[in-house]
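S.K.: Using only what follows, build the 3D model:
(one chain, ligands or ions: 1)
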Amino acid sequence: MTLQRPLPRCLPVLAALCCALASPWLPQIAQAAESPAARADGALLPRDSRDAAVFRGGLVYANYCVTCHGINADGNGRAARLHNPRPANLRASDKNDDYIGLIVRRGGEALGRSARMPPWAEELTDEQIQDVVAFVRSVNVHAEAK
Ligand code: HEC
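M.R.: The predicted model follows:
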């Protein structure tokens, strides 16, 4: 008995159908490749961007911060009630990016605040910290500032 399955006989029909369906978009696809956004090295998007950092930072946030600071970053995470003082409302925070990076890296206690905010320098890379700061900034009321 062979494990290889014979190709379905309808394959040529399916292939023709796909080509017919895709054909209206082919000019657009070709145009996108030639658009000004296309770079010499063939990438269609910039290698990195603020949006990409915010996206990556959202993943860091979802893994390390959400239980305390909450899905809406308003300080109402599932474990928030276990902490006194309560986790900060990151949407409303008036702190600048440097301060946010610092408290994430070194924790609350090192900055004269509560040890309930843990230090993350041992867990997260510098890039992850920069990304999570970008994420916090993106959901903060001062989204453009600082
Ligand atoms: C174990 C719960 C807990 C976790 C997990 C946690 N925090 Fe906190 N965080 C706190 C608490 C509590 C405070 C408030 C400390 C205080 O008021 O002294 C705080 C404060 C902060 C502040 C200060 C905000 C301000 O306006 O002063 C920032 C920024 C912050 N956290 C970001 C983060 C980020 C980013 C993560 C994930 C990497 C994270 N925290 C994970 C509990 C937590």
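
S.K.: give me the number of residues near residue 133?
M.R.: Per other CB atoms under 10 Å, the neighbour tally for residue 133 reads 25. For glycine as for every other residue, the C-beta is placed from the backbone atoms N, C-alpha and C.

S.K.: Over to the one 10 residues further on?
M.R.: For residue 143, the number of neighbouring residues by other CB under 10 Å comes to 11.

S.K.: Likewise for residue 94?
M.R.: 10.

S.K.: And residue 139, by the same measure?
M.R.: 17.

S.K.: Report the contact partners of it.
M.R.: For residue 139, the contact set (CB atoms under 8 Å, 6 or more residues apart in numbering) comprises 72-73, 90-91.

S.K.: where does the protein dip in pLDDT?
M.R.: Within the chain, the set of residues satisfying pLDDT under 70 comprises 1-40, 45, 145-146.

S.K.: For the residue most central in space within it, pull up the helix or strand it's in.
M.R.: Nearest to the geometric centre of the chain sits residue 55, at 1.8 Å (CA atoms, centre = their mean). According to DSSP states H and E, residue 55 maps onto helix 50-64.

S.K.: Lovely, talk soon.
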